[in-house]
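*Asks:* Sequence first, predicted model second:
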Amino acid sequence: MDFLSRFFAIVLLFSCLTQCRKKVGESESLQTLVSDVEHINGKSAYLNTPYITAGDRVYMVGTQDGAFPELGWHVTGEMGGIWDHPIKLMDGFVATITSDNRQVCLMKADTFTNFPFANKHIFRSGLKDLVVERFQFVPDGKEAVVIEFNFTNTGNDTRKFTFDFTGYSDLRPVWLGERTSMVDGQDIAVWEKSSQSWVVKDSLNDWYVQFGSNTAPEKHSQGVFACDYKPKGKGAIAAISYSLEIAAGASLRIPITVSGSYESAEKAGETFAEVQKDAAKMLTAKKQRYASISEKSKLTIPDKELEEAFRWVKYDTDWLVRDVPAVGRGLSAGAPDYPWWFGADSEYALKGLIATGQPDLVYSAIAVLDKLSEKTNGNGRIIHEASTNGAVYNPGNVNETPQFASLIAAVYAWTGDKEFLKKYFPVIKKGLNWLLKENDKDGNLLPDGFGMMEIHGMDSEMTDVAAYTQKAFADASYMAMELGDSQLSAQYKTIAGQLRTLINQDFWVPESNSFADFIGTPVQAIRLIDDAIVRADTLKKPWAVAELKAAKSAVIRSGAKQKKGFVVHHNWVVNTPMETGIADSAKALAALETASKFTNPFGAFVTGIDRDESAGKDERSVAGNNKVFTYTGAVMTLPTGVLAISENNYGQPDNALSYLRRMTKSFSFALPGSIYEVSPDYGMMSQAWNVYSYAVPIVQQFFGVNPESSKKTIHFQPQMPSKWNDAKLENVIVGNNELDIVFKRSGKAEQWDLTQTKDDWKVMLTFPKNKFNNWRVNGKNVQPRQQGLFDMFEVTGSNISLSMDRQ
């Protein structure tokens, strides 16, 4: 039996029965199920920019106007469309309406609306007495997307027209597919009569996409481009045509289901039938799950814009979940160009996810990182980037291994899960051994190699690598003690202490009031300064050119040859000693003041010398100024979030709030409900580490929730911004406990009410020493226990009320 005969046989064997077909508009509109769900309308100026309809198995990326242009650069022009990782299903589709020999292409929507778990395009222009709404969502756990077209006749006469849905398959492998022998073949489309759908197969692989409706069509055809949409690739073009008639004032619907599989036609067909039958039930389930996401670590504050952004950041993070059964379920870095797994991105984001009540996702995402790292490296080194076919692109920058140790410590603190700690502590021990034995050639405890700044030549002793290494050894000391290894704990504690001293001495550059970008030789510094001068001159930053030339002259005049710290780029990573809290207080406050100069209204520059004279007031788009994708000149949410965390670490919550407000300026700037990777509207339209930049400053610092779940203890050390007199954080998941916090301030009086579901958990109330007086706990006058720089109380019970007066 030849290929096509076998293909037809499989298609027919698993088709739905013909009598299952429904009449036009017979099913209830899916939109009615989201009528009570919050949503945000997009801006007309950004209708040609991307959106995402997200699921954990499948997602769809197009532009807000309803089109599917070529997007992205990892696989040039191919990062949009419908993806079922590790393969792509479709480049997209085109819908048209033909009436009185006139065709209208539904590719220029007048309005785009984003829901937390769905979206909608509304078409009015060019449609006489007709409004078309295209609503879509991706069911959880299914390799499918549902697209519902709703047609409303706004005129006084019956309307007759033809509706055509043309799908463009592109069954092709993910980025790095060639490393796992994934070879793209020509797609072949076959019409399946019984299910009234197209089934498309890649001729070289068992990759399938199926699309159609439970509405009987008038005809079907293939091979004809629609509306001049001609994407590249080896895909097939197939259309379904429906003859529609709508009475005056009436509406009707046509639901389209797109399913896929990278295993078999049977699976694609089964998913197609299941989703087509139960789409409403699946949408309801997704709605309920997102309501649960909203309720966890639920924030209520006077600043409603920030409150909304925090809630949607939790939604946005869920858009980035990638579940590929052969590899695992993890959190991808960003859409559309980073829909796979990263070490550093996960190590930031998962700290935010654990603070917002997502332990299951955190566990599975860590398992993916560990699995890929062990397979690739086997020595505790954590990978940097891996595609969804399991191919690892970069085995790991130096910062990612220590950050993994701190991530495990943070998750353990929130969960108290001793088995989790036992599972990953051996990986941490191997990783810390690799960190110093393989990357510290001069034996000074400062590893050499690339950290977060992937600038050519910046691979000596980097500030972020040093800070994260110190934090890793301190956290590993804690974890070793939790596992009963006091000797190893002491060894790690000694290294952490030595590193803290080294960082404060050797990385500090007094004349710059900043920690160094790196420690290196003068020869290395001059080479990097020369490169930076070219960069600054190209970007027309005369102040930076002058500063860099002066720095170069100073290095040459000094005649020094030994290694030392240099400030060249003012990269954001110079703030990591404050992010980790290891900087001496005086140095930290001076460095934070310096850092504030390298910002614009949206946040912190990745590379400080990219700042220009307009940085203090420029609130324009950056996307329109970049013809080729580049991060040069970027302001990003991660550096801004790091500054917010750093300000809180040194008792300056108002400054921290200022950085959160800057980030929030990017919220819904381009994609409603989302914050771009590069502020305000460039790079990835959704970015995983945003949840770190919001959750840690708000949950752990403003509200002061720092658990030690293994001891059934919550260390409560809040510091509320002066502008917030009423604030509430509900349903914070801590181990098997849940915590609600209510704050009120009136004049000098402050009150904190804590409610927890477990009355045997201890709460350590901690405040700066001598900042408050007239303490009352649960209505009784008390005196705090003073320990170091803090006033402290130890309280047990399900309801705790604390009031005091500011001195």
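*Replies:* Yes, it's here.
*Asks:* All the strands of the stretch 501-650 of the chain, in order from the start?
*Replies:* In the stretch 501-650 of the chain, the strands defined using DSSP state E, counting those that start in this stretch lie at 508-509, 514-515, 518-520, 564-566, 599-600, 603-605, 635-636.
*Asks:* elements contacting the first one?
*Replies:* Counting contacts by 3 or more CB pairs under 8 Å, 6 or more residues apart in numbering; DSSP states H and E, strand 508-509 packs against strand 564-566. Yep, even glycine has a C-beta here, placed from its N, CA and C like the rest.
*Asks:* same thing but 10 Å
*Replies:* Under the contact criterion of 3 or more CB pairs under 10 Å, 6 or more residues apart in numbering; DSSP states H and E, strand 508-509 touches strand 514-515, strand 564-566, helix 585-595.
*Asks:* Check the fourth one too.
*Replies:* Of the remaining helices and strands, those touching strand 564-566 by 3+ CB pairs under 10 Å, 6+ apart are helix 486-506, strand 508-509, strand 518-520, helix 522-538, helix 542-558.
*Asks:* any idea which of those is most buried?
*Replies:* strand 518-520 (a mean of 26; mean count of other CB atoms under 10 Å).
*Asks:* Average pLDDT for that strand, rounded please.
*Replies:* Averaging pLDDT along strand 518-520 gives 90.
*Asks:* Given it, what are its sheet partners and their directions?
*Replies:* Strand 518-520 pairs in its sheet with strand 461-462 (antiparallel), strand 564-566 (antiparallel), by DSSP bridges.
*Asks:* how distant is the first one from the center of its chain?
*Replies:* Pointing back at strand 461-462 there. Put simply, strand 461-462 sits 27 Å off its chain's centre (CA atoms, centre = their mean, to the nearest Å).
*Asks:* which is the next helix or strand following that strand?
*Replies:* Next in sequence after strand 461-462, counting helices and strands by DSSP states H and E, comes helix 463-482.
*Asks:* send the alpha carbons of that next one over as PDB?
*Replies:* Provided in PDB are the C-alpha atoms of helix 463-482 (Å, rounded to 0.1, in the frame of the first residue of the first chain):
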ATOM      1  CA  THR A 463      29.700  41.100  39.300                       C
ATOM      2  CA  ASP A 464      26.500  39.100  39.000                       C
ATOM      3  CA  VAL A 465      28.400  35.800  38.900                       C
ATOM      4  CA  ALA A 466      30.200  36.800  42.100                       C
ATOM      5  CA  ALA A 467      27.000  38.000  43.900                       C
ATOM      6  CA  TYR A 468      25.000  34.900  42.900                       C
ATOM      7  CA  THR A 469      27.900  32.600  43.800                       C
ATOM      8  CA  GLN A 470      28.000  34.200  47.300                       C
ATOM      9  CA  LYS A 471      24.200  33.800  47.700                       C
ATOM     10  CA  ALA A 472      24.400  30.200  46.500                       C
ATOM     11  CA  PHE A 473      27.000  29.200  49.100                       C
ATOM     12  CA  ALA A 474      25.000  31.000  51.800                       C
ATOM     13  CA  ASP A 475      21.800  29.200  50.700                       C
ATOM     14  CA  ALA A 476      23.700  25.900  50.400                       C
ATOM     15  CA  SER A 477      24.900  26.300  53.900                       C
ATOM     16  CA  TYR A 478      21.300  26.600  55.100                       C
ATOM     17  CA  MET A 479      20.200  23.600  53.000                       C
ATOM     18  CA  ALA A 480      23.100  21.400  54.200                       C
ATOM     19  CA  MET A 481      22.100  22.200  57.800                       C
ATOM     20  CA  GLU A 482      18.500  21.300  57.100                       C
END
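*Asks:* Go through it and flag the buried ones.
*Replies:* Within helix 463-482, the residues that count as buried by 16 or more other CB atoms under 10 Å are 463-480, 482.
*Asks:* in the longest helix along the chain, what counts as buried?
*Replies:* Longest helix in the chain, counting residues (DSSP state H): helix 265-295. Buried positions in helix 265-295, judged by neighbour count with 16+ other CB under 10 Å: 265, 267-276, 279-280, 282-283, 286-287, 290, 293-294.
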